[in-house]
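Asks: Turn this into a model:
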Amino acid sequence: MEEIAYIPSPSRGVIHLGPIPLRGYAFCIIIGVFVAVWLGNRRWIARGGRSGTVADIAVWAVPFGLVGGRLYHVITDYELYFSEGRDWVDAFKVWQGGLGIWGAIALGAVGAWIGCRRRGIPLPAYADAIAPGIAFAQAIGRWGNWFNQELYGRETHVPWALHITSSEGGRVPGYYHPTFLYESLWCVGVGFLVIWADRRFKLGHGRAFALYVAAYCVGRGWIEYMRVDDAHHILGLRLNDWTALIVFLLAVLYMVLSAKKRPGREAVVEPGASDGETEAGASDGDAGAGEPTDTVKADDTDDTGEAGGAVGAEEAPETESAKVEAEADEEAKGEAGDGAGDAAEADAGGGAKDEAGAAAKKS
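Replies: Numbers count the residues shown, from 1 in each chain. Next comes the predicted model:
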């Protein structure tokens, strides 16, 4: 049956620029990392942190995350690299695909912890800032699976079916559920959910990150159930379904306990960040205040004869007039004092004469 509408797969996942291979899978991961760091930096600054701190810690977190993601994949799918007829060197070929998000987050958190410890920053606050960015990075990174024609679901005839054309690695060409697309869209929704919930409920102390983990696990559970690639099964469920279930329960438990023990949000996420901004503002203010002074000096230098003489000529009359006014005030005060004294003497003399006259009459 020929499908009328479907999602085509790329004819190849790599192009060569001379001897340099440019792989779509790698580009998707790199773009995702940049988006996560960019958004995380904006959220970190909004919480009171310094610009650039997220990138500095990402220098530790990203390499650890890549190693952790690859280790998880190799350990859980060891038969692809260490069984008979397989080449164990392929375990190092990350560009061929195979990064487990569980290992990437776990070991990436270790790298982030090291970076946070070096900067004196609480890891939960950092995790809250980068949580939605990680979700968006996953959404972008999933398109790397499209370039590699991997991680698709069961056969289907829906209009958005993914057309697999490669027969390498046991693939069977046909039309399948694009589970990579489902997970990509789900991660976009998780990212916006975390942003909304963080603004609405002021999530702190790692609860925004825990919400991201829990929400992602819900989607990963049903999407994983649709996939048809080889995987280990336990009690009829794929290993990643069990992992998603356990991690979901741990994330919800953390959110509940954290909300009771540490309600609200951290008041300070990066010690000294506000002081640094204050000092920078003061420096800018000093620089701005200095500019007019320099301008005045320049004007004085240009007009040495005229400006200086004019200022001196204006100040001299003002000084003389001030002295004249002061002397006039003193004279007025003196005259007023003399008048008051004469009046007092006159009153005293008149009173004495009246008393003398009264005494004479009585005599």
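
Asks: Only C-alpha atoms, please: export the helix or strand containing V190 in PDB.
Replies: Taking DSSP states H and E as the criterion, V190 maps to helix 179-201. Extracted in PDB, the C-alpha atoms of helix 179-201 (Å, rounded to 0.1, in the frame of the first residue of the first chain):
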ATOM      1  CA  THR A 179       8.200   8.200  18.100                       C
ATOM      2  CA  PHE A 180      11.200  10.600  17.900                       C
ATOM      3  CA  LEU A 181       8.600  13.300  16.900                       C
ATOM      4  CA  TYR A 182       6.200  12.300  19.600                       C
ATOM      5  CA  GLU A 183       9.000  12.600  22.200                       C
ATOM      6  CA  SER A 184      10.200  15.900  20.700                       C
ATOM      7  CA  LEU A 185       6.700  17.500  21.000                       C
ATOM      8  CA  TRP A 186       6.300  16.000  24.400                       C
ATOM      9  CA  CYS A 187       9.500  17.600  25.600                       C
ATOM     10  CA  VAL A 188       8.500  21.000  24.200                       C
ATOM     11  CA  GLY A 189       5.300  20.700  26.300                       C
ATOM     12  CA  VAL A 190       7.300  19.700  29.400                       C
ATOM     13  CA  GLY A 191       9.500  22.800  29.000                       C
ATOM     14  CA  PHE A 192       6.600  25.200  28.800                       C
ATOM     15  CA  LEU A 193       4.900  23.400  31.700                       C
ATOM     16  CA  VAL A 194       7.900  23.900  33.900                       C
ATOM     17  CA  ILE A 195       8.100  27.600  33.000                       C
ATOM     18  CA  TRP A 196       4.500  28.100  33.700                       C
ATOM     19  CA  ALA A 197       4.500  26.200  37.000                       C
ATOM     20  CA  ASP A 198       7.700  28.000  38.100                       C
ATOM     21  CA  ARG A 199       6.100  31.400  37.600                       C
ATOM     22  CA  ARG A 200       2.700  30.400  39.100                       C
ATOM     23  CA  PHE A 201       4.000  28.500  42.200                       C
END
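
Asks: Against which helices or strands is it packed?
Replies: Under the contact criterion of 3 or more Cβ pairs under 8 Å, 6 or more residues apart in numbering; DSSP states H and E, helix 179-201 touches helix 123-141, helix 143-148, helix 207-226. In short, each C-beta sits where N, CA and C put it, glycine included.

Asks: now that helix and helix 207-226, what's the angle there?
Replies: 160 degrees (axes from the mean of the first three to the mean of the last three Cα atoms, to 10 degrees).

Asks: Run through who's touching helix 179-201.
Replies: Contact with helix 179-201 is made by 7, 128, 131-133, 135-136, 138-140, 142-143, 145-146, 150-153, 160, 162, 203, 208, 211-212, 215-216, 219-220, 223, 226-227, as judged by Cβ atoms under 8 Å, 6 or more residues apart in numbering.

Asks: now the helices and strands packed on helix 179-201 as TSV including distance to N240?
Replies: Output for the helices and strands packed on helix 179-201, formatted as TSV (distance: least, Cβ to Cβ, whole Å):
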stretch	distance to N240
helix 123-141	14
helix 143-148	14
helix 207-226	5
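
Asks: now these in JSON lines, with mean neighbour count, distance to G169 and mean pLDDT?
Replies: Output for the helices and strands packed on helix 179-201, formatted as JSON lines (neighbours: other Cβ atoms under 10 Å; distance: least, Cβ to Cβ, whole Å; pLDDT from 0 to 100):
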{"stretch": "helix 123-141", "mean neighbour count": "25", "distance to G169": "20", "mean pLDDT": "97"}
{"stretch": "helix 143-148", "mean neighbour count": "22", "distance to G169": "10", "mean pLDDT": "93"}
{"stretch": "helix 207-226", "mean neighbour count": "22", "distance to G169": "19", "mean pLDDT": "96"}
